[in-house]
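K.L.:
show me how the following folds:
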Amino acid sequence: MELPIVNQPESTPARASSSVDEGEARGKYAVVSLGCPKNLVDTEQMLGRLDQTGYRMVGDVGNADFVVVNTCGFIDSAREESLGAIDEMLALKREGKIRGVVVTGCLAERGQGKLLEARPEIDAMVGVFGRNEIVEVADRLQHGIAEQQQVFRPAPIRPLDDGIRSAVTPRHFAYLKISEGCDRLCTFCAIPKMRGKHYSKPIEQVISEAKRLGDSGVREIVIVAQDTTYYGKDLYGEPRLADLLAELDQIESVDWIRLMYFYPMYIDDRLIDTLAGAKRIVPYIDMPLQHASDRMLKRMSRKTTRQKQEDILGRLRGKIDSLVMRTTMITGFPGETDADFAELMDFVDQQQFQHLGVFTYSVEEDTPAARLPNRVPAKIAERRQSELMALQQSIAFDWNASRVGTATDVIVDSPLEEQPGVWIGRSRCEAPEIDGVLYLSGFDETNEPSVGDIIRCEIVASQGYDLVAAPV
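P.N.:
Numbers count the residues shown, from 1 in each chain. Take a look at the predicted model:
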């Protein structure tokens with residue numbers, strides 16, 4: 001298994017780090033960070049605390065005293081990946097290559113006793129809301145205190161401060177979490193059991209974090225939450241996302257602001273007008289819809305209908321020029337019939353989403369959907385997933401082909417290591433790490449780009465989900 005062990009590249013200094021050199025380090029650690037961008041923010045927050053107190057992160061696990069595995073517990077495949085990473089680190093511990101293994105994140109929060117019972121060699125388990133105590137956990141490991149540590153805390157009244165962070169993303173973009181938890185009771189989802197109820201960071205706190213990111217060199221901020229459109233309702237009695245975005249849009253040190261995890265509720269005309277008139281908010285929205293059949297949406301407890309979803313999409317596209325939409329869908333939800341799936345296919349064909357991901361239904365323990373009758377066989381769910389992705393592939397390829405010959409701003413993410421002179425970038429239409437990319441070439445020694453530059457380019461060719469571009 002090739003693990004996503006993260007470290008700060010030499011060209012990407014941490015946004016909050018210690019100045020302790022290797023000889024003075026309090027201890028050395030490595031990190032395996034799994035799961036969604038919200039979990040990545042938690043990883044960066046823990047690293048920031050470790051770095052600030054004198055611990056030093058290393059890229060090679062074999063040089064670490066201990067490893068932090070920040071896990072995902074969302075669906076079967078994510079849990080399997082997390083357990084595989086834990087097992088690989090425990091094998092290194094048995095071989096004497098590392099001293100300890102610390103398991104954090106959603107799987108730790110959800111599994112707790114069961115996970116420790118199955119894997120007693122884990123040295124410490126740190127739940128989602130115990131992450132602020134990572135330094136104390138590391139200190140006990142370093143001092144050879146043998147007893148197993150378990151740090152689980154109830155969800156705090158207010159979100160934890162993510163201002164202390166060590167970057168594991170490239171320096172030019174960062175995720176900004178505006179709230180924690182979720183009040184939605186979608187029948188398939190266990191996130192409220194792991195992350196608790198929704199609670200928002202105050203607007204002032206979010207703006208302060210965004211300014212720190214911008215001042216540190218971040219050019220693109222990606223807004224994340226379990227439910228972005230619900231932002232502020234717990235604090236202010238009504239959703240305040242429009243107010244937050246209006247203030248974020250004034251931060252001059254940031255060039256692009258990207259919006260993820262829009263729930264299809266609480267999207268009113270004021271919010272749409274704020275998006276349409278913004279200078280820095282890019283015309284890109286990630287709105288996980290999950291299905292289009294009214295019957296399936298009701299069984300999922302999504303509190304919406306196909307018609308309402310179509311109305312929202314129409315209003316957004318009618319006001320926001322060149323809007324790019326990303327969504328996700330689920331196939332094989334309990335009770336999904338051929339007719340339900342046909343309606344989903346028709347909806348996707350009608351809406352022509354630029355980006356779309358498809359999951360097969362994953363049975364989540366202790367969720368209402370796990371008790372629903374009429375389970376769809378896995379082979380049928382997977383066949384429907386393949387059919388929907390084939391439709392989406394045709395839509396995405398046609399859209400990319402239509403962009404050839406147009407000009408666009410491109411943010412440079414990295415050089416293409418295997419091909420000197422070629423760089424990887426994204427336009428406003430692509431979110432980092434989940435969408436296609438643009439391959440940039442045609443530079444000479446006088447105009448070779450740097451990571452984080454935003455360059456005006458012409459799209460000269462399409463290659464499936466990706467594009468080829470050259471500087472104008």
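K.L.:
for Ser82, which non-adjacent residue is spatially closest?
P.N.:
Thr71 (3.8 Å; CB to CB, 6 or more residues apart in numbering). Placement of C-beta: from N, CA and C, glycine included.
K.L.:
how about the contacts made by that neighbour?
P.N.:
Leu34, Gly35, Ser82, Ala85, Ile86, Val103, Thr104, Gly105, Cys106, Leu107, Ala108 (CB atoms under 8 Å, 6 or more residues apart in numbering).
K.L.:
which ones among the residues you listed lie within helices?
P.N.:
Ser82, Ala85, Ile86, Cys106, Leu107, Ala108 (DSSP state H).
K.L.:
so which of these is surrounded by the most neighbours?
P.N.:
Ala108 (30 neighbours; other CB atoms under 10 Å).
K.L.:
and the gap between that one and Leu83?
P.N.:
For Ala108, the distance to Leu83 equals 11 Å [CB to CB, to the nearest Å].
K.L.:
nearest to Tyr263, of the ones in helices among the contacts of Thr71?
P.N.:
Ranked by distance to Tyr263 (CB to CB), these are led by Cys106 at 19.3 Å.
K.L.:
pretty sure that closest one contacts Val69?
P.N.:
No. Using CB atoms under 8 Å, Cys106 is not in contact with Val69; the gap is 11.7 Å.
K.L.:
all strands for the stretch 201-350 of the chain, in order.
P.N.:
Counting by DSSP state E, counting those that start in this stretch, the stretch 201-350 of the chain has strands at residues 220-224, 256-259, 281-286, 324-331.
K.L.:
in a markdown table: those, plus mean pLDDT and mean neighbour count.
P.N.:
Formatted as a markdown table, the strands of the stretch 201-350 of the chain follow (pLDDT from 0 to 100; neighbours: other CB atoms under 10 Å):
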| stretch | mean pLDDT | mean neighbour count |
| --- | --- | --- |
| strand 220-224 | 96 | 24 |
| strand 256-259 | 98 | 22 |
| strand 281-286 | 97 | 23 |
| strand 324-331 | 98 | 22 |
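K.L.:
now render those as a markdown table, adding distance to Lys298.
P.N.:
A markdown table is the format used below for those (distance: least, CB to CB, whole Å):
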| stretch | distance to Lys298 |
| --- | --- |
| strand 220-224 | 28 |
| strand 256-259 | 27 |
| strand 281-286 | 23 |
| strand 324-331 | 14 |
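K.L.:
hmm, back to that, adding pLDDT and distance to Val137, write the contacts of Thr71 out as TSV.
P.N.:
Formatted as TSV, the contacts of Thr71 follow (pLDDT from 0 to 100; distance: CB to CB, whole Å):
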residue	pLDDT	distance to Val137
Leu34	91	19
Gly35	86	20
Ser82	93	18
Ala85	94	18
Ile86	94	16
Val103	94	11
Thr104	93	9
Gly105	89	13
Cys106	90	17
Leu107	90	17
Ala108	89	12
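K.L.:
what would those look like in TSV with distance to Glu247?
P.N.:
Output for the contacts of Thr71, formatted as TSV (distance: CB to CB, whole Å):
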residue	distance to Glu247
Leu34	32
Gly35	29
Ser82	36
Ala85	38
Ile86	41
Val103	37
Thr104	32
Gly105	30
Cys106	30
Leu107	35
Ala108	35
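K.L.:
nearest to Pro368, of the residues you listed?
P.N.:
For the contacts of Thr71, the nearest to Pro368 is Cys106 (19.3 Å; CB to CB).
K.L.:
and that closest one, how close does it get to Arg371?
P.N.:
Cys106 is 22 Å from Arg371, by CB to CB.
K.L.:
same check, this time on Asp87
P.N.:
For Asp87 relative to Arg371 (CB to CB), the value is 31 Å.
K.L.:
comparing those two, which residue is more hemmed in?
P.N.:
Set Asp87 next to Arg371 and count neighbours by other CB under 10 Å: Asp87 wins out with 14 against 9.
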